[in-house]
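1. Need the 3D shape of this:
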Amino acid sequence: MRRDVIADTAARFAEVRARSVALCAPLAPEDHVVQPVVDVSPPKWHLAHTTWFFEAMLLAHAAPGYRVFHPAYNHLFNSYYEGEGERWPRAQRGHLSRPTVAEVLAYRAHVDAAVSAWLATEPPAPWLERLELGLQHEQQHQELLLTDTKLILGHNPLRPAYSTDDTAAVDVTAEHAPQATALQWIDHPGGVASIGHAGDGFAFDNEGGRHDVLLAPFAIADRLVSNAEYQKFIEAGGYGDAGHWHADGWDWLRQNAVAAPMYWFRGEDGAWWHQTLAGPQPVPPHAPVTHISWFEASAYADWAGARLPTEFEWEAAAARGMAWGQRWEWTASAYAPYPGFHRAEGSVGEYNGKFMVSQQVLRGASFATPPGHQRLTYRNFFQPPLRWQYTGIRLVKP
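-> Now for the predicted structure:
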């Protein structure tokens, strides 16, 4: 039985690692280095950092005799782990023309071979759990690879496409799949709801501990706000009416001249277009609006006479069958620890807990989320102004 577990783990490791490389296959070498804004990391850095995680967090501790690939890579590819030493500045990741893409791929091959050899020793369960954390971490970066690549290409004046057809790694035609046009409201009776991860299967530490919350009755939309609906907000002057905005949001949109979702622009025909992974396309009316900040989501909800759901309302509704998964959905909940949460010891304890301030929770998943990486209890989180991820809006009646 244990050998079966090891074999399954080895197969999963190979599959996840291969998918990251496949996601980069449509890119030119020059695309791998660009960093247009601080929130975006170059694709080459993602390929290296996910490899560093296995080297620094697993092999360096659990594989006796492991030889690091390059002594400087710990400095270059550590993201935010204070316990692992000094780091190359986040805003300067795009300055690194070296190591080359080929050298980073050689780094990946070196670590992959070492992990495979380590697995053959049938390591104990706690270290296999650390390996699984590394795989989940890499899957998070696979979604970031797509969203960061979209921003890298989308801010190029040539508006190049990432891909114009299906690839082995992602179907770009699913990016803006339409949804049902008639919005329905799902009534929830409220009461006591159990929230958070419990039982078998992987979960990040911020998904526990499981606890009960008391909900008032509410009604939640059965689908996300569409592009056509959001366009009405624009046409009604929603970006010019301070009455719908939080003070920080109002300052943000004026300082940054925000007047539409990220990637929207007026075409020569006067209609709204947007940049997609397949290049510029007309904005599809029935697809969910995306690349929306929390500030915009909250303002739209206020304009629509509604509000954003709390993350507890969202999870309770999803547990009763509400459809989700096209966009990461902003909630009204600040990112804070659940009762009983505690950080793990060592550097790995920095994974989530230290970010529990000044962030809003998003629930669900997006078309860019890797297969099998979605969970009902998954708590994503970003700062209110950020919108380069596939974010969307679901309404709750007040």
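2. Just confirm residue 187 contacts residue 222, I think it does.
-> No. Because the distance of 10.7 Å does not satisfy CB atoms under 8 Å, residue 187 is recorded as not touching residue 222. Every C-beta, even on glycine, is put in place using the N, C-alpha and C of the backbone.
3. can you pull out the helices in the stretch 51-200 of the chain?
-> 60-62, 73-77, 101-119, 125-154 (DSSP state H, counting those that start in this stretch).
4. quick one: the last one to helix 101-119, angle?
-> So the one you mean is helix 125-154. 160 degrees (axes from the mean of the first three to the mean of the last three CA atoms, to 10 degrees).
5. May I see the buried residues of helix 125-154?
-> Residues of helix 125-154 classed as buried by neighbour count (16 or more other CB atoms under 10 Å): 128, 130-131, 133-154.
6. again, but for the second one
-> Neighbour-count burial for helix 73-77, with 16+ other CB under 10 Å as criterion, is recorded at 73-74, 76-77.
7. And the residues you listed, which is closest to residue 373?
-> The shortest gap between residue 373 and any of those belongs to residue 77, at 22.0 Å (CB to CB).
8. State the pLDDT value of the closest residue to that closest one other than its chain neighbours.
-> Leaving aside its chain neighbours, residue 77 sits nearest to residue 52 (3.9 Å; criterion: CB to CB, 6 or more residues apart in numbering). According to the per-residue confidence, residue 52 scores 98 in pLDDT.
9. and residue 52, what does it touch?
-> When contacts are counted by CB atoms under 8 Å, 6 or more residues apart in numbering, residue 52 touches 73-74, 77-78.
10. can you tell me which two in those are farthest apart?
-> 73 and 78 (8.8 Å).
11. From what I see, residue 24 and residue 47 are in contact.
-> Yes. Assessed by CB under 8 Å, residue 24 is found in contact with residue 47 at 6.7 Å.
12. which neighbours do those two share?
-> Common neighbours of residue 24 and residue 47 are listed as residue 32 (criterion: CB under 8 Å, 6+ apart).
13. More neighbours: which of the two?
-> The residue with more neighbours, out of residue 24 and residue 47, is residue 47; 25 against 20, by other CB atoms under 10 Å.
14. Could you tell me which residues make contact with the closest residue to residue 131 other than its chain neighbours?
-> In space, not counting the residues next to it along the chain, residue 131 is nearest to residue 58; the distance is 6.0 Å by CB to CB, 6+ apart. Contact criterion CB under 8 Å, 6+ apart gives 115, 118, 127, 130-131, 134 as the residues in contact with residue 58.
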